[in-house]
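Student: Based on what follows, work out the 3D shape:
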Amino acid sequence: MQLRLSIAIATLAVFTISGCSTISTKLAVNNGSLDYKKATTVESLKYPEGITARPATPLYPAPIIDPLALKNAPDFENQKGNRFAMPRPGEVVKNRSNSRQETYVRPAVLFDAKQNPLLKVTGKSDTIWQYTLATLSSFNYNVVEQSNTRYEATIKVDDKLYVLKLSVAGKNCTLVLFNPDNSYADPAAATVLLQQIAQNWPA
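Tutor: Alright, predicted model coming up:
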């Protein structure tokens, strides 16, 4: 009886561990471990005029990295692209140039159940948003206002204001056009704009 109970407990433990591992991979939540990629350069400490002080020497000076090395550096990310992940032993991690060619797929205009147009594109959200703004600029669409905390911009098209929003789920991104009151924009006008972005995508 004890032997059967021990076997049952061991089997349950194995399934629990493997199940938790699978669930944690699929439901990986952004833990901020990739925020270092958004780091900005900060000026050296400056003293007010007329103050005598010892020269401040940084204990850990930031190294100067060759841009070519950054371009060819591997991407240590999980499958969803929202947190740092160490490669397994013997695993070859592709560099940025190779992963960009495989990851970034040309956008496609789709429609939801209510026939509202959506622009679906796969890749890194920061780059996709930059591409979106660059495409809007090529059409001379005026970006009236842009959010500092979200992928959201108010644009002016044919003397009418719209709000373009990018929603992100891992590496799957969706562009949707709204009216300023947060209702969906006219499907015909939204389809034209999203198709223009898709057809003139920089990547």
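Student: show me where pLDDT drops low in this structure?
Tutor: 1-28, 39-41, 58, 61-68, 70-71, 94-105, 203 (pLDDT under 70).
Student: So if we follow the domain assignment, how does the protein break up?
Tutor: If you go by automatic domain parsing, the domain ranges for the chain are 58-103, 105-199.
Student: Nearest to residue 49, out of these?
Tutor: domain 58-103 (22.1 Å; C-beta to C-beta). All C-beta spots, glycine's among them, are computed from the backbone N, C-alpha and C.
Student: give me phi/psi at the residue most central in space within the chain?
Tutor: Nearest to the mean C-alpha position of the chain, by C-alpha atoms, centre = their mean, lies residue 125 at 2.7 Å. Main-chain torsions, residue 125, degrees, to the nearest 10: phi -60, psi -40.
Student: How about it: what's its closest non-neighbour residue?
Tutor: Excluding the flanking residues, the one nearest residue 125 by C-beta to C-beta, 6 or more residues apart in numbering is residue 168, at 4.4 Å.
Student: In terms of helices and strands, where is the one you found?
Tutor: For residue 168, the host element (DSSP states H and E) is strand 160-169.
Student: Can you add distance to residue 44 and give the domains of the chain back as a markdown table?
Tutor: Converted to a markdown table, these look like this (distance: least, C-beta to C-beta, whole Å):
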| stretch | distance to residue 44 |
| --- | --- |
| domain 58-103 | 8 |
| domain 105-199 | 25 |
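Student: now for those, which one comes closest to residue 48?
Tutor: Here domain 58-103 is closest among these (C-beta to C-beta), at 20.0 Å.
Student: List the residues that contact the residue nearest to the centre of the chain.
Tutor: Residues near residue 125 by C-beta atoms under 8 Å, 6 or more residues apart in numbering: 151, 166, 168, 173.
Student: got a winner among those for most neighbours?
Tutor: residue 173 (22 neighbours; other C-beta atoms under 10 Å).
Student: Are we agreed that that one is in a strand?
Tutor: Yes - judged by DSSP: H, G, I helix; E, B strand; the rest coil, residue 173 forms part of a strand.
Student: I'd say it and residue 120 touch.
Tutor: Yes - contact criterion C-beta atoms under 8 Å: residue 173 and residue 120 qualify, at 7.5 Å.
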